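Asks: whatever this is, show me its structure:
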Amino acid sequence: MSSAEDRYRAAISTMEAAAREQDEQRGLRERRLAEAQQQASEGMQKELAAAQKYAEHMDELNKRKQSAGGWATEKTLADKSRESLMEFGVHEEEAGTGYPNYPTPSYGTPVAAPVPPRPEPAPEPPAAPEPPRRGRHARQPDDEDDFSSTSWLV
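Replies: Predicted structure coming up:
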């Protein structure tokens, strides 16, 4: 009977090892799930903060537009101070990356492109004078049937 008992104990230990492995895998999956949920939550909090800043900025621009009588002019939409600029933390994110901080473009102030100098055109030879032309509605001095000055709408 010793061989039956040995097989029974071997089967029990194999089942216990499989149950232990399943428990470890389940624990690992739950830890990874918790980490992924935490990262997603942090990312959503950052996006929510950025969206809230954007909404506040757009509300402020809309208030300025309404106070200006509905006109969205450059002066109306201009930022009143440096603190009112929308910044989503880009400068802090780029601080340690080694990338240069490029200036933010100003869309309100157009910059004139440099105009290259034009070459002077060659002088044209003088043209022959044209004969004097009559006006479009000039009267013929001897035309008796000219009704151009008659109003037909009377």
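
Asks: what helices and strands are in contact with the longest helix along the chain?
Replies: Taking DSSP state H as the criterion, the chain has its longest helix at helix 2-67. If contacts are counted by 3 or more C-beta pairs under 8 Å, 6 or more residues apart in numbering; DSSP states H and E, helix 2-67 sits against helix 74-77. Placement of C-beta: from N, CA and C, glycine included.

Asks: how about low-confidence regions in this structure?
Replies: For the chain, the stretches with pLDDT under 70 are 1, 72, 76-77, 79-115, 138-145, 154.

Asks: one more time with 80
Replies: Scanning the chain with the threshold set as pLDDT under 80 gives 1, 68-154.

Asks: how close does residue 148 get to residue 132?
Replies: Here residue 148 is placed at a distance of 21 Å from residue 132 (C-beta to C-beta, to the nearest Å).

Asks: looking at these two, which is more packed in?
Replies: Neighbour totals were compared for residue 148 and residue 132, and residue 148 leads with 9 against 5 (other C-beta atoms under 10 Å).

Asks: what secondary structure does the more buried one sit in?
Replies: Look at residue 148: counting by DSSP: H, G, I helix; E, B strand; the rest coil, its state is coil.

Asks: please apply the same query to residue 134.
Replies: coil.

Asks: state the distance from it to residue 153.
Replies: 26 Å.

Asks: do the same with residue 14
Replies: Noted for residue 14: a distance of 113 Å to residue 153, by C-beta to C-beta.

Asks: ok, these two, which is more surrounded?
Replies: Using other C-beta under 10 Å as the criterion, residue 14 and residue 153 rank with residue 14 on top: 10 against 4.

Asks: which ones are touching the more buried one?
Replies: By C-beta atoms under 8 Å, 6 or more residues apart in numbering, the contact list for residue 14 is empty.

Asks: how near is it to residue 42?
Replies: In terms of C-beta to C-beta, residue 14 sits 43 Å off from residue 42.
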